[in-house]
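*Asks:* Generate a structure from the sequence data that follows.
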Amino acid sequence: MECIGRRGLLAGAAGALAAAAAGQAVPARAAEPAGAAERAARGAARRAAPARGAAGGRSAAPEFRGMWIASVENLDWPSEPGLPAAAQRAELTDLLDTAVRRRLNAVILQVRPTADSMWPAAWEPWSQWLTGEQGRDPGWDPLGTAVAEAHARGLELHAWFNPYRVAQHTDPDLLDPGHPARRNPHWTVEYGGKTYYNPGLPEVRAFVQEAMLDAVSRYAVDGVHWDDYFYPYPVEDEYFDDDEAYEEYGGSFPSRAAWRRDNIDTLVSEMSARLRKVRPAAHFGISPFAIWRNDDVDPLGSPTRAGVATYDDLYADTRKWVKQGWIDYVVPQAYWQIGHPAADYTDIVPWWARTVEGTGVRLYVGEALYRCDPDSPTEAWRDPAELSRHVAFAKEYAEVRGHVYFSAKQVVTDPNGAMARVVADHYPTAAPPR
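*Replies:* A predicted model of the protein is given here:
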């Protein structure tokens, strides 16, 4: 198994960090798209929800206090593949109990990490991260259990899906024999030693929605959550070969980049519309890499100088998704310290606050708890008070409605006491689900 590095595994952020500032930054058509009238109605409904007042005071609506539970590469859970069902279940409920002890009110559980599933899915095989062998029945229903146990503890359960990542390798023989990527090899692109579904194929876009909605239709999840993976993070000297798809479908666009952005826009807008029909009460949220564009490239961008931008490099127009009202909440991965020279936390949060202002989209800030370590090479992350200062700073912005901590393992172990400090300083009492 390849050596991995916490959030870098999930976000490809390590390269962006290095590009931003010498290793210091951590960036970490199945249905018709929602029409303008529908978007306006949904936005009005969200704007009618309780919010913090203009003077900065909080409303009666509880803030969102969440943690991510990553299953890919057994990062957080289960601790290793092949554990007995009872042990896997016990580890999961222990994490939920930890969330309660830390006075959180939501967990974001990764249930489709690599085009496989943490539930008895209709479209894709059981996840290899459960048993060590993709397609093998683990003997229990992790997602069904997670929903029931989270709700029993007063926690929201948001199901975290990765739309296009297929495998952490490029060997199709390692996939389950019935895997859709093996049956449809033309759907995939190998890039950077990994395998992805091609976002430029309409049949792929339809399929991944069906795969995710299979879970949403069966379980009373409180949210559908995507992270920062759309088109993959850039890999030096690698080419994402979508030439045939671009030739067939990209002719009306001014550039390949514009076509790729439209592919992701369409996925987001279609999923938004379909989710409203399948489970109207569920919230749709995305946790992107926090830099949309730098303002030296686009005056609408943030006053940052990160080496990667979602708009240009991942073809993810995250600002547009907020402005169009396609998502209910956004969790930018603001994984830099206060005072970072290329991507200062105190520049990123205000930019996102301005972006969501007036849209009805809720802003929760993604926090790099995994960086808080007494042995960190960065002084700020050795300081147990750094993350507490983040939360205090964010309270100055009425649009910030909560925080999400990456990841569950560090919520449990808390290497330098940063999580305990956040709880002591900012979470004096438990918060109910929103």
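
*Asks:* Strands along the chain, start to end?
*Replies:* Secondary structure of the chain (DSSP state E): strands located at 64-69, 106-112, 156-161, 165-167, 188-191, 194-197, 223-226, 283-286, 329-330, 362-367, 400-405.

*Asks:* and the second one, average pLDDT?
*Replies:* This points to strand 106-112. For strand 106-112, the mean per-residue pLDDT is 98.

*Asks:* Walk me through which strands it pairs with, and which way each runs.
*Replies:* Each strand that pairs with strand 106-112, with its direction, by DSSP bridges: strand 64-69 (parallel), strand 156-161 (parallel).

*Asks:* what's the lengthiest helix in the chain packed up against?
*Replies:* Across the chain, the longest stretch assigned as helix under DSSP state H is helix 256-278. Here helix 256-278 is seen to pack against helix 202-218, helix 243-249, strand 283-286, helix 318-324 when contacts are counted using 3 or more CB pairs under 8 Å, 6 or more residues apart in numbering; DSSP states H and E. In short, each C-beta sits where N, CA and C put it, glycine included.

*Asks:* packing partners for the first one?
*Replies:* Under the contact criterion of 3+ CB pairs under 8 Å, 6+ apart, helix 202-218 touches strand 106-112, strand 156-161, strand 194-197, helix 256-278.

*Asks:* right, and the ones you listed - which one's nearest residue 408?
*Replies:* Of all the helices and strands packed on helix 202-218, strand 106-112 sits nearest to residue 408, with 7.6 Å by CB to CB.

*Asks:* Need the residues that contact that closest one.
*Replies:* Counting by CB atoms under 8 Å, 6 or more residues apart in numbering, the neighbours of strand 106-112 from elsewhere in the structure are 64-72, 95-96, 99, 117-119, 124, 127, 142-143, 146, 150, 155-162, 211-212, 215, 222-223, 225, 404, 408, 433-434.

*Asks:* Could I have the CA atoms of that strand written out in PDB?
*Replies:* Written as PDB, here are the backbone C-alpha positions of strand 106-112 (Å, rounded to 0.1, in the frame of the first residue of the first chain):
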ATOM      1  CA  ALA A 106     -22.900  16.100  12.900                       C
ATOM      2  CA  VAL A 107     -20.700  13.500  11.300                       C
ATOM      3  CA  ILE A 108     -19.800  13.300   7.600                       C
ATOM      4  CA  LEU A 109     -19.200   9.600   6.800                       C
ATOM      5  CA  GLN A 110     -17.400   8.500   3.600                       C
ATOM      6  CA  VAL A 111     -19.600   5.800   2.100                       C
ATOM      7  CA  ARG A 112     -18.500   5.700  -1.500                       C
END
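
*Asks:* What about residue 255, how many residues nearby?
*Replies:* By the criterion of other CB atoms under 10 Å, residue 255 has 10 neighbours.

*Asks:* before we move on, what about the one 10 residues further on?
*Replies:* Residue 265 is flanked by 18 other residues according to other CB under 10 Å.

*Asks:* Same question for residue 178.
*Replies:* Each residue near residue 178 was counted by other CB under 10 Å, and the total is 11.

*Asks:* Make JSON lines out of the helices and strands packed on helix 256-278 and add distance to residue 192 and mean pLDDT.
*Replies:* JSON lines is the format used below for those (distance: least, CB to CB, whole Å; pLDDT from 0 to 100):
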{"stretch": "helix 202-218", "distance to residue 192": "19", "mean pLDDT": "98"}
{"stretch": "helix 243-249", "distance to residue 192": "17", "mean pLDDT": "98"}
{"stretch": "strand 283-286", "distance to residue 192": "22", "mean pLDDT": "98"}
{"stretch": "helix 318-324", "distance to residue 192": "22", "mean pLDDT": "98"}
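
*Asks:* sorry, back to before: highest mean neighbour count out of the helices and strands packed on helix 202-218?
*Replies:* With neighbours defined as mean count of other CB atoms under 10 Å, those peak in mean count at strand 106-112, which reaches a mean of 26.

*Asks:* That strand versus strand 362-367: what angle between them?
*Replies:* On the basis of axes from the mean of the first three to the mean of the last three CA atoms, to 10 degrees, strand 106-112 is oriented at 80 degrees to strand 362-367.

*Asks:* now the strands paired with strand 106-112 in JSON lines, with mean pLDDT?
*Replies:* As requested, those are arranged in JSON lines below (pLDDT from 0 to 100):
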{"stretch": "strand 64-69", "mean pLDDT": "98"}
{"stretch": "strand 156-161", "mean pLDDT": "98"}
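
*Asks:* which stretch among those comes nearest residue 428?
*Replies:* strand 64-69 (12.2 Å).

*Asks:* so how far is the closest one from its chain's centroid?
*Replies:* Computed by CA atoms, centre = their mean, to the nearest Å, the separation of strand 64-69 from the middle of its chain amounts to 11 Å.
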